[in-house]
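Trainee: Build me a model:
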Amino acid sequence: MDADLNGQVVLITGGGTGIGEAVARRVAREGAHVVVTGRRREPLERVAAAVGGTAIAADAADAGEVAALVGRVLELHGHLDVVVANAGGHGFATVADTDDAAWESALRANVTTAFVVVRAALPALIAARGRVVVMSSIAGLAAGPSVAGYTVGKHALIGLTRSLARDYGRHGVRVNTVCPGWVATPMADAEMDAYATAAGVPDRAAAYARVTRDVPLARPAQPEEIAAIVRFLASDESSYITGATIVADGGAHIVDVPTIAFDHVGM
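Mentor: Now for the predicted structure:
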């Protein structure tokens, strides 16, 4: 059992599925007290039951609900040591095809959730000299096609991380970002199913193979691989790292795009 996380209280937004669930399972194995939150109670309760933690349904972008959430965590445990700002959402359209409501929804899901939760948790985090791990994406570093709201939101999370790290490092609070590439989560699985139909590939596995064929590791990550990075950033093993952007994309970001064509002609 890891001494850094044993007895620590870890709040995970978007904790009912995918990366959030994997983080909950990983830190719970190391003795952390896990609180998972999100808008859907059923998956939260399933994860909480599996890890011996607590499920509290809340909209991470709603200041009132988040204030009650943090208050409840402190009532239950007396302290809060780690916030994993993992909640996110869509924003899949070009700028021209994104109306005001869709724009606000994308930013609310991808940026406001992290901002509101961390803001509410800051007094407790300062008291605990705690850690924040913000889940961005490779979309925070580059732009994919027709994902304007998502791309802007994930870029903004890196700015939020840097601002928090700059302002609260002197209070002992460390804040870092993780930028995953493709991860085999329920959300990505749904995208692969849609892609398989549109591209005429046989199934989900073939779709994952297609979208990662130009990635050096040539596969998607498993949620547990991202959870291992979050665990590192949440522990004292990363005690001198703050304001960092950790890229976990199988090497996608190092690929020189204009040279990809050479791979496909055997040169």
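Trainee: correct me, but Leu11 touches His33?
Mentor: No. Counting by CB atoms under 8 Å, Leu11 does not reach His33; the two are 9.7 Å apart. Glycine gets a C-beta too; all of them are placed from N, C-alpha and C.
Trainee: In terms of packing, which of the two has more residues around it?
Mentor: Leu11 (28 against 23; other CB atoms under 10 Å).
Trainee: Give me the contact list for the helix or strand hosting Ala205.
Mentor: Assessed by DSSP states H and E, Ala205 sits inside helix 204-211. If you take CB atoms under 8 Å, 6 or more residues apart in numbering as the criterion, helix 204-211 is touched by Trp182, Ala184, Asp189, Met192, Asp193, Tyr195, Ala196, Ala199, Val201, Ala218, Arg219, Pro220.
Trainee: Which residues are in contact with the residue lying closest to the last one once chain neighbours are set aside?
Mentor: Pointing back at Pro220 there. Excluding the flanking residues, the one nearest Pro220 by CB to CB, 6 or more residues apart in numbering is Trp182, at 4.0 Å. For Trp182, the contact set (CB under 8 Å, 6+ apart) comprises Ala188, Tyr208, Val211, Thr212, Val215, Pro220, Ala221, Asp249, Gly250.
Trainee: Any idea how many residues pack against the nearest residue to Glu225 once chain neighbours are set aside?
Mentor: Closest residue in space to Glu225, ignoring its immediate chain neighbours: Ala248 at 7.0 Å, by CB to CB, 6+ apart. The burial count assigned to Ala248 is 19, neighbours taken as other CB under 10 Å.
Trainee: and the gap between Ala248 and Ala68?
Mentor: Remark: distance between Ala248 and Ala68 (CB to CB, to the nearest Å) = 33 Å.
Trainee: Please apply the same query to Ser163.
Mentor: Using CB to CB, one gets 25 Å for the distance from Ser163 to Ala68.
Trainee: Ile260 now?
Mentor: Taken as CB to CB, the span from Ile260 to Ala68 is 49 Å.
Trainee: Many thanks, we can stop here.
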